[in-house]
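S.K.: This is a predicted model, with the sequence first.
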Amino acid sequence: MSTLDKSITIHRPSRMLQENKILLLWSLSICIVVVNATMLNVALLSLLSEMMLSSAKASWLLSSYNIVFAISTLSYSSLSDFISIKRLLTIGLILLSLGSFIMMIADHFYLLIIARILQALGAGAVPGLAMVYAGRYVEESRKGKYMAFIASATSFGFGLGPLLGGIITEFLGWRYMFTIAGSIILFLPLFHKMLTTEDLKTGKFDVVGGILTGASVTGVLLLISTHSTYILILSILSMVLWWRHIRTASHPFIKPILLKNDKFAKLLFMSFCAFIVHFSTLFLIPIMLSTLFHNEASTIGMKIFPGAIFSAIAAPFIGRIMNRVGNIRLILLGQLLLLVSTLLFFILATTTQLAIVISYIFMSIGFSFFTASIANEISGIFNKEDVGMGLGISQLIQLSGSAFGIALSAAVLVWRDHDLPEVRFQSIFIGLSILIICSLLVSTLYLRSKRQGFSK
């Protein structure tokens, strides 16, 4: 055996061990971020009562977080081209912890909004930079495992958040929920120790592009909830200015050439649909359990949690299956499971609580399959220079999809207010089923174009 072979044999296990440690740290951090985002849903009634807020004001605690989180995720991904992941993560974790501390002591609405926005500004660093790290530094043979664990940590957080939120709110009070997100600052020394020095290029951040992107997303969300003509005009104006700006800027917030990539556009559409479906369902489950079956907050969390457990159990297998059968088949499988889930919700969920639990288990597993494989597929269609922005755009679209899903579901519930609750929920789930079928059709087009690319 040559000296070079010995060196590879010695250093490869140590490198894999280091990657596994970082993967565990990223997964825990992402789980905490997702828990922080979802806990507030089940605590809103307590918060409304204590702070004497209207439901409209309370909804802005959720909407403002989602909007800022989406924009900050892409911003961190873009900034990582010329600022180190270590430095950006330091800024993010400090902002998240600071926002959490202010949430614990806030005594009026506007301070709550400021604190929630600070949380979102910091939280966006964690998923955004985790994907950038995977795209740049994880070997192709292990990338499937990495993406699978990140996706499962996300799904686990979606289930754990409502459970912890309900228990903490019931026994300690809603303010204590934010000690969980605040504790993430303890991970900072570990990240500093594990993340290596990077070779970075010089660049400039497109502040105007970021503002116009945020204004466009916010405008569309407000349009769904307000149906205002003025909001419609402002939204269209923002989008026109945004498109003109990114086409002429020297360092655009979003590169237009990436959006013109046909394969990428199809993957973005699939992501948007999947996140609408998943977050609409997460929004509706507590309302269904409360309205139809009169569940308390802590009980609602327990009904969502089994889906998170099954998703976590599936994590080790997702990476292996991905490496064996490829990303696109796993994308299709994930969407099929989402379709099975929405159909089960449509047919059975209004009749029994057990049907809700089982239906969400299918959705949680399918969502983990989908998010892991779609991220891996996107990281593979771009070169190293563009992978950070590509994954950032993907996460922006996904998070926008989650916000649109919640806003659309809420709008339908209000619009169909004259119907029986069962009919309102069923009408939403049949719509979500149709949306996933459309996404599956786009998936088949993507698979066909990919096969044609291989045959040339």
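M.R.: Structure's in. What do you need?

S.K.: residue ranges with poor pLDDT in the stretch 351-456 of the chain?
M.R.: For the stretch 351-456 of the chain, applying pLDDT under 70 flags the ranges 452-456.

S.K.: ditto for the chain
M.R.: 1-15, 45, 53-59, 198-203, 224-227, 452-456.

S.K.: In it, which residue is most central in space?
M.R.: residue 399 (5.2 Å; Cα atoms, centre = their mean).

S.K.: Give the closest residue to that one in space, chain neighbours not counted.
M.R.: residue 70 (3.6 Å; Cβ to Cβ, 6 or more residues apart in numbering). All C-beta spots, glycine's among them, are computed from the backbone N, C-alpha and C.

S.K.: Point me to the helix or strand that includes the one you found.
M.R.: helix 55-79 (DSSP states H and E).

S.K.: moving C-terminal of that helix, what's the next helix or strand?
M.R.: Once the chain leaves helix 55-79, the next helix or strand it forms, by DSSP H and E, is helix 85-105.

S.K.: Go through that next one and flag the buried ones.
M.R.: Going by neighbour count (16 or more other Cβ atoms under 10 Å), the buried part of helix 85-105 is 85-86, 88-90, 92-104.

S.K.: Quick check: the residue nearest to the centre of the chain touching residue 65?
M.R.: No - Residue 399 is beyond contact range of residue 65, at 10.2 Å (criterion: Cβ atoms under 8 Å).

S.K.: give the contact list for the residue nearest to residue 399.
M.R.: Residue 70 is in contact with 124, 217, 395-396, 399-400, 403, counting by Cβ atoms under 8 Å, 6 or more residues apart in numbering.

S.K.: now swap in residue 129 and tell me
M.R.: 76-77, 80, 85, 88-89, 92.

S.K.: Report the angle between the helix holding residue 70 and helix 85-105.
M.R.: Counting by axes from the mean of the first three to the mean of the last three Cα atoms, to 10 degrees, helix 55-79 lies at 170 degrees to helix 85-105.

S.K.: mind listing what's buried in helix 55-79?
M.R.: 58-79.

S.K.: Then stretch 381-391?
M.R.: Residues of stretch 381-391 classed as buried by neighbour count (16+ other Cβ under 10 Å): 382, 386-391.

S.K.: So which of those are in helices?
M.R.: If you go by DSSP state H, these have 387-391 in helices.

S.K.: Run the chain-centre distance for the helix holding residue 70.
M.R.: Per Cα atoms, centre = their mean, to the nearest Å, the displacement of helix 55-79 from the mean C-alpha position of its chain is 11 Å.

S.K.: next one: stretch 23-33
M.R.: In this view, stretch 23-33 has its centroid 13 Å away from the chain centroid, taken as Cα atoms, centre = their mean.

S.K.: Could you do stretch 237-254 as well?
M.R.: On Cα atoms, centre = their mean, the centre of stretch 237-254 falls 24 Å from that of its chain.

S.K.: List of residues touching that stretch?
M.R.: 74-75, 78, 203-206, 208-210, 212-213, 215-216, 219, 255-256, 389, 393.

S.K.: Buried residues, stretch 181-193. List them.
M.R.: Across stretch 181-193, burial judged by 16+ other Cβ under 10 Å covers 181-182, 184-185, 187-188, 191.

S.K.: thinking again about what came up before, please convert the buried residues of stretch 381-391 to a markdown table, extending it with distance to residue 50.
M.R.: Formatted as a markdown table, the buried residues of stretch 381-391 follow (distance: Cβ to Cβ, whole Å):
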| residue | distance to residue 50 |
| --- | --- |
| 382 | 47 |
| 386 | 47 |
| 387 | 45 |
| 388 | 41 |
| 389 | 42 |
| 390 | 43 |
| 391 | 39 |
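
S.K.: Cross-check the contact I'm expecting between residue 114 and residue 102.
M.R.: Yes - using Cβ under 8 Å, residue 114 makes contact with residue 102 at a distance of 7.0 Å.

S.K.: Would you mind getting the angle between the longest helix along the chain and helix 85-105?
M.R.: In the chain, taking DSSP H as the definition, the longest helix is helix 3-51. Orientation check (the same axes, to 10 degrees): helix 3-51 against helix 85-105 gives 20 degrees.

S.K.: Let me see the residues that make contact with stretch 207-217.
M.R.: Residues contacting stretch 207-217 (Cβ under 8 Å, 6+ apart): 67-68, 70-71, 74-75, 234-235, 238-239, 241-242, 245-246, 249, 252-254, 396, 400, 403.

S.K.: List buried residues within those.
M.R.: 67-68, 70-71, 74-75, 234-235, 238-239, 242, 245-246, 249, 252-254, 396, 400, 403.

S.K.: Give me the distance from the longest helix of the chain to the chain's centre.
M.R.: Here helix 3-51 is found 14 Å from its chain centre; the criterion is Cα atoms, centre = their mean.

S.K.: Just give the number of residues close to residue 430.
M.R.: 15 (other Cβ atoms under 10 Å).

S.K.: Which strands or helices does whatever helix or strand it lives in pack on?
M.R.: Applying DSSP H and E as the criterion places residue 430 in helix 421-455. For helix 421-455, the helices and strands in contact under the criterion 3 or more Cβ pairs under 8 Å, 6 or more residues apart in numbering; DSSP states H and E are helix 262-293, helix 327-348, helix 387-415.

S.K.: so which of these comes closest to residue 370?
M.R.: Residue 370 lies closest to helix 327-348 among the helices and strands packed on helix 421-455, at 3.0 Å (Cβ to Cβ).

S.K.: Which strands and helices lie in contact with the closest one?
M.R.: Checked by 3+ Cβ pairs under 8 Å, 6+ apart, helix 327-348 has helix 262-293, helix 297-325, helix 353-381, helix 421-455 packed alongside it.

S.K.: Next up, the contacts around residue 276.
M.R.: 401-402, 404-405, 408, 432, 435.

S.K.: Just put these in CSV and tack on neighbour count and distance to residue 30.
M.R.: Listed next are the contacts of residue 276 as CSV, based on neighbours: other Cβ atoms under 10 Å; distance: Cβ to Cβ, whole Å:
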residue, neighbour count, distance to residue 30
401, 23, 18
402, 24, 15
404, 20, 22
405, 26, 20
408, 21, 26
432, 27, 25
435, 21, 26
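
S.K.: Closest to residue 165 out of the residues you listed?
M.R.: Among the contacts of residue 276, and counting by Cβ to Cβ, the member closest to residue 165 is residue 402, at 17.3 Å.
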